[in-house]
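Novice: curious how this folds, go ahead:
(2 chains)
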Amino acid sequence: MKIVGLSGSKVGSKTRTAMNYTVQALQEKYPDTEVTLIDLAEYDVQFSDGRNYMEYDGDTKYVAETIMEADAIVIGTPVFQASIPATLKNVFDLLPVNAFRDKVVSILVTAGSPKHYLMVEQQLKPILAYMKAQMVQTYVFIEEEDFYRKEIVNDDVLFRIGRLAEDTVVLTETFSQIREAKEAEYDF
Amino acid sequence: MEKYRIDKNKGLEFGIYTLGDHLPNPLTGERISAEQRLHEIIEYAKLADQAGIDFFSVGESHQEYFATQAHAVVLSAIAQATENIKIASSSTIISTSDPVRVYENFATLDLISKGRAEIIAGRASRIGLFDLLGYNIRDYEELFEEKFDLLRQINEQETVNWSGEFRAPLKNARVLPRPQSGSMPIWRAVGGSPASAIKAGYAGVPMFLAHLGGPATVFKRSVDAYREAARSRGFDTDELPVATAGFFYAAESSQQALKDMYPFINEGMKKTNGQGFPKQHFAQGVDPHNIMNIGSPQEIIEKILYQHELFGHQRYIAQIDFGGMPFDKLQKNIELIGTEILPAIRKYTAKD
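Specialist: Predicted coordinates:
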């Protein structure tokens, strides 16, 4: 199973910190999975110009192809102006409309205020649904006060990240088993 | 329809097209050489001609996994190897070529083939050629519209006066040689949404409509939108042919056809488009109302007749060779088309 952790912003450190914990949880619980972390702060990704994702070059091609090859994607995002950052939206725009068909997507969000709790429901999930993702419905919402000097200091958040890692893998396995059984039925 | 060399009395024309893809056979992992692929395409056209198929066309894609970038050259070899079959491009990406050179090539092809050549001009669904040939993808839309207009003007007038943004102006320019009958059929390739079909309608040019999968009725919207747009600009739609193009595979049963074709489509699309063809959607391909002509010869006959009833189109062209399909399977399909499918389609659609 290939899992990609996608840290969706170039700003700050909280989302990346939380993603490090998530990657570690996945690797510890599921050593057989192949986990790749893409932190958009480390890549020079161009804006989508409408071409097929395979036709980009350099970092843009790498980011798009790595996501397309994944079985599951854990998206980490901060809240910018009551929505997702443009860097993350651009990644979606680089991909084809059905990019997340047969993939599981789970979400972790960092925010400066609890008032943004529904941002994921209103902004992110509709995009993922349109792109045909199977979503882990429960996401991890992490606030400023849960961090201290690039560490998560709230055990509740750590437990939630552990459950997010489990749910991501369990749902991916489940959907792939269901799909294999269904495809075998077609007999071609 | 005479202008487009279509005889209504003969009923629905049946053709074959290839994108000129050059992909490994997914069952063996082996890929034939580009040389062999090109010779097989020429042989494929020859067999189609011998089977009485009306039309054969070759596309251009300038990227990995394709072999017919120089499609006019390939068509020239096909012209030489065949007797009666119409030959065309599917499509010529006019946006990134000089319309004068394209016309010279295809007019020459028309003379070599003794009046059998046509041009289908498209905008490219794979855009690698913009970088390769030095064009800006931002001009995608305008490059096509301007160059397609010029191509049509060259076809209508032997002496051309023209100026535009993307090419040096032409002053009393004569574009030679001329096709056998002075002009030749030029179609607009249309894919996807009705918006694209409407553009062909406004210009009053014949439409070549590509379809991947899904209910045939969805594509009827494009055909209707095309004719409506053409009528709104004063064109007589009885004189404007429509062609449709899509996946085709005949075998003894629909289940066998699915089995034979699926790995080629799925793996080929992964390599060329970056996403496979979902099995669930492919399984629906054998439904009588699905646009994909996959099944037994009898099922395919019924599907094509149903589509003909819906679209009232003049030509259907079949894509069979995608994804590294071995040549013996192509031969078998041509045999089934020639012996079973074509006679039935002509019987039901020709006016006697």
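Novice: after the host helix or strand of residue B:101, next one along is what?
Specialist: In the assignment (DSSP states H and E), residue B:101 maps to helix B:99-112. Sequence-wise, the next helix or strand downstream of helix B:99-112 (DSSP H and E) is strand B:117-122.
Novice: what residues sit buried inside the helix or strand just after that following strand?
Specialist: Per DSSP H and E, the first helix or strand lying C-terminal to strand B:117-122 is helix B:128-133. Applying a neighbour-count criterion of 16 or more other Cβ atoms under 10 Å in any protein chain shown, one finds B:128-131 buried in helix B:128-133. C-beta coordinates here come from the backbone N, C-alpha and C atoms, glycine included.
Novice: and the angle for the helix or strand that comes right after helix B:128-133 with helix B:99-112?
Specialist: Proceeding N to C from helix B:128-133, the next assigned helix or strand is helix B:140-156, under DSSP H and E. Relative orientation of helix B:140-156 and helix B:99-112, computed by axes from the mean of the first three to the mean of the last three Cα atoms, to 10 degrees: 50 degrees.
Novice: next one: helix B:140-156 to chain centre, how far?
Specialist: 18 Å (Cα atoms, centre = their mean, to the nearest Å).
Novice: try stretch A:106-126
Specialist: 13 Å.
Novice: residues touching whichever residue of chain A sits closest to chain B, list them.
Specialist: For chain A, the residue closest to chain B is residue A:188, as judged by Cβ to the nearest Cβ, at 3.9 Å. Taking Cβ atoms under 8 Å, 6 or more residues apart in numbering or on different chains, we find residue A:188 in contact with B:255, B:258-259, B:262, B:279, B:282-283.
Novice: now swap in residue B:160 and tell me
Specialist: B:150, B:153-154, B:170, B:172-175.
Novice: hmm, 7 Å instead?
Specialist: Shown in contact with residue B:160 (Cβ atoms under 7 Å, 6 or more residues apart in numbering or on different chains): B:153-154, B:170, B:173, B:175.
Novice: and it, which of the three is it?
Specialist: strand (DSSP: H, G, I helix; E, B strand; the rest coil).
Novice: what pairs with it across the strands?
Specialist: residue B:173 (DSSP bridges).
Novice: separation between it and residue B:175?
Specialist: Applying Cβ to Cβ, to the nearest Å, the value for residue B:160 to residue B:175 is 6 Å.
Novice: what's the overlap in contacts for these two?
Specialist: With Cβ under 7 Å, 6+ apart as the test, residue B:160 and residue B:175 both reach residue B:154.
Novice: up against chain B, what does chain A have?
Specialist: A:49, A:51-55, A:68, A:96, A:98, A:101, A:183, A:186-188 (Cβ under 7 Å from any Cβ of the partner chain).
Novice: at 6 Å instead, please
Specialist: Applying Cβ under 6 Å from any Cβ of the partner chain, we find that chain A lies next to chain B at A:51, A:53-55, A:96, A:183, A:186, A:188.
Novice: buried subset of these as a ChimeraX selection?
Specialist: Per 16+ other Cβ under 10 Å, the buried members of these correspond to this ChimeraX selection:
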select /A:51,53,54,55,96,188
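Novice: hang on, the earlier thing: any of the contacts of residue B:160 buried? List them.
Specialist: B:153-154, B:170, B:175.
Novice: would CSV of the residues you listed with pLDDT and distance to residue B:120 be doable?
Specialist: Shown next, in CSV, are the buried ones among the contacts of residue B:160 (pLDDT from 0 to 100; distance: Cβ to Cβ, whole Å):
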residue, pLDDT, distance to residue B:120
B:153, 98, 18
B:154, 98, 16
B:170, 97, 23
B:175, 97, 19
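Novice: run through the residues you listed and flag the ones next to chain A.
Specialist: Within the buried ones among the contacts of residue B:160, nothing lies near chain A by Cβ under 6 Å from any Cβ.
Novice: in the stretch 101-250 of chain B, what residue comes closest to chain A?
Specialist: For the stretch 101-250 of chain B, Cβ to the nearest Cβ, closest residue to chain A: residue B:127, 5.2 Å.
Novice: how near is the residue nearest to that residue when sequence neighbours are not counted to residue B:197?
Specialist: The shortest distance from residue B:127 to any non-neighbouring residue, by Cβ to Cβ, 6 or more residues apart in numbering or on different chains, is to residue A:51 (5.2 Å). Residue A:51 sits 23 Å away from residue B:197, taking Cβ to Cβ as the criterion.
Novice: and for residue B:171?
Specialist: Residue B:171 is 35 Å from residue B:197, by Cβ to Cβ.
Novice: closest to the centroid, which residue in chain B?
Specialist: residue B:90 (3.8 Å; Cα atoms, centre = their mean).
Novice: wait, isn't that one in contact with residue B:57?
Specialist: Yes - when contacts are counted by Cβ atoms under 6 Å, residue B:90 is listed as touching residue B:57 (3.7 Å).
Novice: who touches both of those two?
Specialist: With contacts defined as Cβ atoms under 6 Å, 6 or more residues apart in numbering or on different chains, the residues adjacent to both residue B:90 and residue B:57 are residue B:17.
Novice: report the distance from the biggest helix by length in chain A to the chain centre.
Specialist: Counting residues, the longest helix in chain A under DSSP state H turns out to be helix A:155-186. Chain-centre distance of helix A:155-186: 14 Å, with Cα atoms, centre = their mean.
Novice: now for it, which elements pack on it?
Specialist: On a contact count with 3 or more Cβ pairs under 6 Å, 6 or more residues apart in numbering or on different chains; DSSP states H and E, helix A:155-186 meets helix A:14-29, strand A:72-78, strand A:104-111, strand A:140-143, helix B:279-283.
Novice: tell me which of those is the most buried.
Specialist: strand A:72-78 (a mean of 27; mean count of other Cβ atoms under 10 Å in any protein chain shown).
Novice: okay, that one in PDB with CA atoms only?
Specialist: Taking C-alpha atoms only, strand A:72-78 is exported to PDB below (Å, rounded to 0.1, in the frame of the first residue of the first chain):
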ATOM      1  CA  ALA A  72      -4.200   6.700   0.100                       C
ATOM      2  CA  ILE A  73      -3.500  10.300   0.800                       C
ATOM      3  CA  VAL A  74      -3.400  12.100   4.100                       C
ATOM      4  CA  ILE A  75      -3.900  15.800   3.600                       C
ATOM      5  CA  GLY A  76      -2.600  18.200   6.200                       C
ATOM      6  CA  THR A  77      -3.900  21.700   5.700                       C
ATOM      7  CA  PRO A  78      -3.900  25.000   7.700                       C
END
